[in-house]
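J.: Just to be clear, the model below is a prediction. Sequence and coordinates:
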Amino acid sequence: MSKQELIVECIAALCLSDGPDNIRKLPENLERLLTTLTSTAEEEQEPFTSALVDSGLLQQLKSLLSNGNTPVARVAEIIAEIGKIESLREKCIEADLAPHLVELLSSKDPTTATQACRALGNICYDCDVARQVVFELHGTDKLVRLLQRLLGVEGDASQKLQHTACGFLLNLTNAHVPTQERAVEEGACEVLVNYFDRYMSDPDRVLMVLLCLGCIADSDCGKQKLTETKVADAAVKFLGLDTKEELLDPTLELLGSLAENDELKYQLVEAGVCNHLLRLLQAGAAIINDDAATSDDNEQQSILKLACDLIILLLTGDESMEYLYAGGEGVVFKQTVLWLQSDSSILKIAGALAVGNFARNDDHCIKLVADGITAKLLPLLTKNKDSDYRLQHAVLSALRNLAITAKNKPLMLKDGVLEAIMPLLAADSDVQPVIFKLLGTLRMLIDGQVEAATSLGRNAQFIAKLVKWCDTVTHAGVKGEANRLLAWLMKNSQSSEVAMAIVKEKGLPCLVTMATAEHVVMQNEALLALTLISVLVPAEAASEFQSDSLVPMLHTLLTSVESPVKLLVNTLELLKALLQSGALSSDALSSDLKTIVNTHCSHSNDEVRSRATEIAKQL
């Protein structure tokens, strides 16, 4: 029989209007059609099924669904097979099959409800059009109620329906906000947590439940609702069981989604999740060691990396971090510090990130540095300066946080942090995130440290690189940090040598541009640096200050209604310094700018009025 003849026969066999004989044979004909669909070679499935659909199959199936005397479970099963084909999902919706299938979700027959879930689940897979239609038909509500009704019902048929209904919920809500929100409103979070707690010993059901919970937890409303359930306790309990390896991945993914919420972070650490994560990492010590890993170990290594990532994520919450630090005696804290000396790059990176998270308040930072953490971090930079940029980034993040505390700066400089960082600059790295952290670390280190700021600021080669990064367009963070570091070198050194280096390496235009930056803090930093340069090296800076950009910058800041008082004061201070030092002549000022200065002589703020009056006299 040719393909076309087979298609004609399949369609004709489903026609109810061809008399009682055809109706009597309908179950047999449906079975033959289902067998034909499932037995067709994989490469032929889409063209053959598409040809059936083009020949009117969907209309026939709709007619059968609306007839109360037909075996609707078998019809739904056929639709489920059609729904596996991506190109036919929207056609199933256009054929108006969804209303009939949604109604079948309320069927008391487990087989019928199972096949309806299969059909709708397949049609909704990666198809927002179908998801929206099912949502508008209140299919989400019916599905959640079905799951609620089935909770605790035993038997093979019910177990299969529970599994299939969870699969449908997953496909329906995945990345589709309306159905996610509706599912949460209808109580999906509570029922799924109940399923999770009840069926932990059933791998098939718990896998689907985990995937559904992970999907719901991806939404803001779902994450918030889950904070009101016992999902944290259930997940930690499950992780403590002899969990099969294939279930660890979705469990850790779910925990990762939950841990994005600060309230759930604390619930998880309080429930003891980190103890189980450390146990996993200890059990997989040989696998997580990069040198020992083989291609067969990649999947397990991925799971162990998820465990590390989860610990780091939990440490980003203030309360959970304090809980795990435990005054410096926490098991997790001590273990992550030990990771810095591991042979595994995964553990070393995780250890450095953990230190950076623990170093989020002065007390922790002071204790960490006093206990010698710097000596454990620096070798990771010197040994890996040409290889793992992720490790460099993590170590620099930790060093930056540690250097924020004023008491730590001289101690870290004494420990050789500056000497360890500088070779990374010489390596001409183009990894922007590493450069970003490196510049931030240097900025924190030199704050209030005159000698370090002077030493770094008079390094012409370094200033030249810094000026180049001030104009980068590929990474906004690098550009911002480079400009701020340039200004901080001048502020903290107040050295004529540093001022000269900045002028010679063409850094003045960077500071002039920075003075009109988006952030007021950066504007004030730039104005202070420019004022110091105009006082320390007026003659050398004069030609740069005569550029076309300086006066317009002054004009912009003095006329902007958004300029706060401090910014006006610093702008007038710069103008006064420029005029007094001779770095800028009064002839270079426009009459308009002189008028603006005069208007500030009657400003409501005393400081602004005083400085404006002084400048007006000079002019």
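T.: Happy to help now that I have it.

J.: Buried ones in the host helix or strand of residue 349, by neighbour count?
T.: Using DSSP states H and E, residue 349 sits in helix 345-358. By neighbour count with 16 or more other Cβ atoms under 10 Å, helix 345-358 contains the buried residues 345-358. For the C-beta atoms, the positions are set from N, CA and C on the backbone; glycine is no exception.

J.: packing partners for whichever helix or strand comes after it?
T.: Sequence-wise, the next helix or strand beyond helix 345-358 is helix 362-370, with elements assigned using DSSP H and E. If you count contacts as 3 or more Cβ pairs under 8 Å, 6 or more residues apart in numbering; DSSP states H and E, helix 362-370 packs onto helix 345-358, helix 389-404, helix 408-414.

J.: residues making contact with helix 362-370?
T.: Under the criterion Cβ atoms under 8 Å, 6 or more residues apart in numbering, residues 325, 328, 355, 358-359, 401-402, 404-405, 407-408, 411-412, 415 lie in contact with helix 362-370.

J.: From those residues, keep the buried residues only.
T.: The neighbour count (16+ other Cβ under 10 Å) marks 325, 355, 358-359, 401-402, 404-405, 408, 411-412, 415 as buried among the contacts of helix 362-370.

J.: could the residues you listed go into CSV alongside distance to residue 375 and pLDDT?
T.: As requested, these are exported to CSV (distance: Cβ to Cβ, whole Å; pLDDT from 0 to 100):
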residue, distance to residue 375, pLDDT
325, 20, 97
355, 12, 98
358, 16, 98
359, 15, 97
401, 17, 97
402, 12, 98
404, 19, 97
405, 17, 96
408, 13, 97
411, 11, 97
412, 11, 97
415, 7, 96
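
J.: Need the phi and psi values for residue 590.
T.: Here is the backbone geometry of residue 590 (degrees, to the nearest 10): phi -70, psi 160.

J.: Spatially central residue in this protein, please.
T.: Residue closest to the average C-alpha location in the chain (Cα atoms, centre = their mean): residue 260, at 9.3 Å.

J.: list the contacts for it?
T.: Applying Cβ under 8 Å, 6+ apart to residue 260 gives the contacts 223, 313.

J.: For it, which three-state class applies?
T.: The three-state label given to residue 260 by DSSP: H, G, I helix; E, B strand; the rest coil is coil.

J.: For it, give me the pLDDT.
T.: According to the prediction, residue 260 has pLDDT 91.

J.: how near is it to residue 268?
T.: Distance, residue 260 to residue 268, by Cβ to Cβ, to the nearest Å: 11 Å.

J.: what's the answer for residue 208, then?
T.: Distance check for residue 208 against residue 268: by Cβ to Cβ, it reads 22 Å.

J.: Comparing those two, which shows the higher neighbour count?
T.: Applying other Cβ atoms under 10 Å to residue 208 and residue 268 shows that residue 268 carries more neighbours, namely 27 against 23.

J.: Tell me where the stretch 151-300 of the chain has helices.
T.: Along the stretch 151-300 of the chain, the segments classed as helices by DSSP state H, counting those that start in this stretch run 156-173, 177-185, 188-198, 203-217, 220-226, 231-239, 245-258, 262-270, 273-283, 285-288, 298-315.

J.: One more: the stretch 401-550 of the chain?
T.: Under the criterion DSSP H, counting those that start in this stretch, the stretch 401-550 of the chain contains helices at 408-414, 417-426, 432-446, 450-457, 460-470, 476-493, 496-504, 508-514, 520-536, 538-545, 550-559.

J.: What helices and strands are in contact with the second one?
T.: Translated: helix 417-426. helix 373-382, helix 389-404, helix 432-446, helix 450-457, helix 460-470.

J.: run the last query once more with 6 Å
T.: helix 373-382 (3 or more Cβ pairs under 6 Å, 6 or more residues apart in numbering; DSSP states H and E).

J.: Between helix 389-404 and the helix it packs on, find me the angle.
T.: Between helix 373-382 and helix 389-404, the angle comes out at 150 degrees (axes from the mean of the first three to the mean of the last three Cα atoms, to 10 degrees).

J.: can you pull the buried residues of helix 373-382?
T.: Using 16+ other Cβ under 10 Å as the test for burial, helix 373-382 gives 373-374, 376-378, 380-381.

J.: if I pick residue 503, what's in contact with it?
T.: Residues near residue 503 by Cβ atoms under 6 Å, 6 or more residues apart in numbering: 540-541.
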